[in-house]
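Chemist: give me the fold of what follows.
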Amino acid sequence: MAFTGGQMLAASLIEQNVDTLFMIPGVQLDWAVDALRERQDQISLVVPRHEQATTYMADGYYRASGKPGVAMVVPGPGVLNAGAGLATAYAANSKVVLLSGNVHSHGIGAGYGLLHEIKDQTGLIAGLTKWNARADDPAQIGPAIAAAFAQMNAGRPRPVGIEVSHDVLEARVGEAGSDTSAWRDAMHPAALPPLDMEVIGRIARAIDEARLPALYVGGGVLSANASEALARLAHKAGIPVVLSDNGLGALSDRDPLAMNTLAGRAVFEHADVVIVVGSRFMNALHPSPSWSAAGTRFIHINIDADDLRAPRRAAIALQADAAVALDALADAVKPREALTQAEARGLKEWAQAQIDRVTPQIDYIRAMRAALPEDGVFVNELTQVGYLSRVAFPVYSPRTYIGPGYQGTLGYGFPTALGAAVGAGGRRVLSITGDGGFGWNLQELATARRYNLPVTLVVFNDGHFGNVRAIQKRVFGPEKQVAVELQNPDFLTLAKAFGVPGVRANNAAELQAAITESLGENGPVLIEAPVGEMPSPWHLMRLQPMPGVKVPDAGPHPLSSRAGL
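Modeler: Alright, predicted model coming up:
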């Protein structure tokens with residue numbers, strides 16, 4: 001029996017242990033969708049209402065479960081719509097596979113104006129993935145998918161893409177010859193170099209000899225499942241661990257040595273050796289390192305050699321898997337208490353005192369943390385409460401905090417939370433958004449209801465693009481605002497229209513009660529939280545505040561009495 005290309009695709013996904021596919025059908029995918037229909041006992045099909053949500057959901061699925069998220073869309077506008085989620089997955093180092101249809105294989109690049117044709121779809125996908133390929137024969141589909149998964153799992157995790165034309169999905173294996181040798185090569189990507197123990201020894205000596213060594217960890221520590229090794233190293237040497245936005249959860253916030261980036265400012269002022277692990281360590285708006293100071297030795301450990309290079313100033317650079325390197329360092333360093341327990345506690349209290357001044361955001365954050373179970377997943381967004389949450393929302397374990405990465409994609413949060421709910425195995429997902437960002441994907445209330453997903457969505461409603469308004473007022477003057485007012489629906493009526501329970505919370509106490517009550521629901525709940533203008537939290541963000549943001553005097557911290565660099 002000769003299999004169609006569509007059947008080869010379905011079988012190849014199953015061979016890669018894919019059990020969930022986020023997809024929207026269309027004419028160029030018909031033969032793949034029919035093959036998936038035949039295998040519904042092995043692959044669940046999750047169909048959102050917008051192609052943008054397919055890749056967002058795949059990203060959330062990966063980040064909550066650790067299993068690759070797979071999305072499938074039609075060519076052209078389908079790929080373009082899915083691009084936003086793919087870009088976010090790339091920025092967040094997520095294992096996501098994009099399967100896309102293509103126009104007839106004999107018309108690719110010819111400009112015939114075929115349905116859904118765009119000029120260079122392959123080039124577009126290449127710009128959003130670490131590796132991509134096109135299968136031009138049904139016999140190539142299996143090897144191409146195997147190669148895609150091999151490439152995705154090698155080195156730094158990032159999305160990959162596979163394109164298959166509709167005539168290839170319809171054709172049967174054996175109707176045409178095919179050379180698959182290229183796929184055999186791609187299925188065996190280059191391995192990382194062996195761990196250089198001489199370099200490990202140099203790093204360990206630098207830690208042992210430092211007055212105050214510090215660790216700065218990014219999402220690479222989470223991707224490598226390196227939390228245990230990180231904790232072992234930090235506790236053995238008494239090293240403070242500064243958690244980047246992408247690294248939240250790598251060490252529990254309950255750990256005395258776990259520091260947010262605000263506390264990290266005090267640590268970095270006095271650290272003479274900083275070990276950066278699994279982080280790009282770059283300023284968000286300017287091509288410069290997150291921190292630079294004369295007299296500080298920076299040591300970079302990263303699985304990606306590109307993140308060891310200039311403009312970073314690495315006294316020692318090591319390309320390695322974070323878990324392997326941290327484990328070796330934990331064996332190599334000498335036991336000590338580089339940062340005392342009293343200093344660690346005082347630093348956290350110093351940072352928290354500054355955070356506590358930003359109200360009402362901190363009140364809402366405390367309410368959310370109190371209501372959400374510890375194993376629940378918090379999906380942050382680009383909203384005033386969300387910005388402060390980056391330093392103020394306690395995270396206790398890996399894969400329970402999801403942020404937008406450097407892409408900062410407004411509106412990503414709700415569809416990403418839906419994918420997280422699919423991957424989280426029944427754990428409650430708390431998704432927050434502003435009314436502006438919610439407008440990007442509010443139609444996905446239908447998806448939440450259709451699949452009965454345990455997502456509690458909080459919409460902070462101020463009737464504006466709140467952060468844009470705040471920037472306009474700060475930079476150009478209080479009366480110079482434009483294009484920031486929103487015409488919103490009645491959110492509770494909207495929720496009801498989709499069959500989703502909805503409630504309004506007028507303050508932090510009501511929000512905590514509403515989230516707590518939502519835990520008893522089997523499916524989604526929407527909570528509207530009407531808010532007014534809020535004070536800016538930006539002076540508390542990142543190791544170095546954004547240029548032009550006034551930073552109030554924070555007062556002395558527990559390291560102030562230490563000798564400076």
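Chemist: domain map for this protein?
Modeler: Using automatic domain parsing, the domain parsing of the chain gives 5-186, 197-352, 359-536.
Chemist: mind checking which of those domains is nearest residue 559?
Modeler: domain 197-352 (4.7 Å; CB to CB). Every residue, glycine included, has its C-beta placed from N, CA and C.
Chemist: now the strands for the stretch 151-300 of the chain?
Modeler: For the stretch 151-300 of the chain, the strands defined by DSSP state E, counting those that start in this stretch occupy 160-165, 213-217, 241-243, 258-259, 273-277, 297-302.
Chemist: show me what the following helix or strand past the last one is packed against.
Modeler: Counting by DSSP states H and E, the next helix or strand C-terminal to strand 297-302 is strand 314-319. Using 3 or more CB pairs under 8 Å, 6 or more residues apart in numbering; DSSP states H and E as the contact criterion, the neighbours of strand 314-319 among helices and strands are helix 197-209, strand 297-302.
Chemist: what's the next helix or strand after strand 314-319 packed up against?
Modeler: With elements assigned by DSSP H and E, the helix or strand that comes after strand 314-319 is helix 322-332. The elements that helix 322-332 packs onto, with contact taken as 3+ CB pairs under 8 Å, 6+ apart, are helix 197-209, helix 219-223, helix 227-237, strand 273-277, strand 297-302.
Chemist: nearest spatial neighbour of the most centrally placed residue in the chain, chain-adjacent residues omitted?
Modeler: What sits nearest the mean C-alpha location of the chain, by CA atoms, centre = their mean, is residue 92, with 3.9 Å. What sits nearest to residue 92 in space, not counting adjacent residues and going by CB to CB, 6 or more residues apart in numbering, is residue 405, at 3.6 Å.
Chemist: now residue 128
Modeler: residue 86 (4.3 Å).
Chemist: skip the chain neighbours and tell me the closest residue to residue 273.
Modeler: Residue 273 sits nearest to residue 210 (CB to CB, 6+ apart), 3.8 Å away.
Chemist: for residue 298, see how far away that neighbour is.
Modeler: Separation of residue 210 from residue 298 (CB to CB, to the nearest Å) stands at 12 Å.
Chemist: could you list every residue that touches residue 208?
Modeler: Neighbouring residues of residue 208 by CB atoms under 8 Å, 6 or more residues apart in numbering: 237, 333, 334, 336.
Chemist: point out where the chain drops to low pLDDT.
Modeler: 1, 174-180, 563-565 (pLDDT under 70).
Chemist: please repeat the previous calculation with a cut-off of 50.
Modeler: Counting by pLDDT under 50, the chain shows low-confidence ranges at 176-177.
Chemist: doesn't residue 45 belong to a helix?
Modeler: No. Looking at residue 45 with DSSP: H, G, I helix; E, B strand; the rest coil, it is strand, so not inside a helix.
Chemist: run through the bridge partners of it.
Modeler: residue 21 (DSSP bridges).
Chemist: right, and it touches residue 23 too?
Modeler: Yes. Under the criterion of CB atoms under 8 Å, residue 45 lies in contact with residue 23, with a separation of 6.2 Å.
Chemist: more crowded one of those two?
Modeler: In this view residue 45 and residue 23 are compared by other CB atoms under 10 Å, and residue 23 has more residues nearby, 26 against 16.
Chemist: look up the closest residue to that one, ignoring the ones flanking it.
Modeler: residue 72 (3.8 Å).
Chemist: may I ask which helix or strand encompasses the one you found?
Modeler: Counting by DSSP H and E, residue 72 is found in strand 69-73.
Chemist: between strand 160-165 and that strand, find me the angle.
Modeler: When axes from the mean of the first three to the mean of the last three CA atoms, to 10 degrees is applied, the directions of strand 69-73 and strand 160-165 differ by 30 degrees.
Chemist: by neighbour count, which of the contacts of residue 208 wins?
Modeler: residue 237 (23 neighbours).
Chemist: what packs against the helix or strand where residue 388 lies?
Modeler: Applying DSSP H and E as the criterion places residue 388 in helix 384-392. On a contact count with 3+ CB pairs under 8 Å, 6+ apart, helix 384-392 meets helix 261-270, helix 341-355, helix 361-371, strand 429-434, helix 466-476.
Chemist: quick one: contacts of it?
Modeler: Taking CB under 8 Å, 6+ apart as the rule, helix 384-392 contacts 245, 248, 260-262, 351, 355, 358, 361-362, 364-365, 378, 380, 403, 413, 432-434, 460, 462, 466-467, 470, 531, 534, 537-538, 540-541.
Chemist: buried stuff in stretch 53-73?
Modeler: Under the neighbour-count criterion of 16 or more other CB atoms under 10 Å, stretch 53-73 has 53-65, 68-73 buried.
Chemist: can you give me the neighbour number for the residue lying closest to residue 350 once chain neighbours are set aside?
Modeler: Excluding its sequence neighbours, the residue lying closest to residue 350 (CB to CB, 6+ apart) is residue 557, at 4.3 Å. Residue 557 is flanked by 21 other residues according to other CB under 10 Å.
Chemist: same question for residue 448.
Modeler: Residue 448 has 27 nearby residues by other CB under 10 Å.
Chemist: that one belongs to a helix?
Modeler: Yes. Residue 448: assigned to a helix according to three-state DSSP.
Chemist: isn't it right up against residue 523?
Modeler: Yes. Residue 448 is in contact with residue 523 according to CB under 8 Å; the separation is 7.0 Å.
Chemist: any idea which element residue 459 lies in?
Modeler: Assigned by DSSP H and E, residue 459 falls in strand 455-461.
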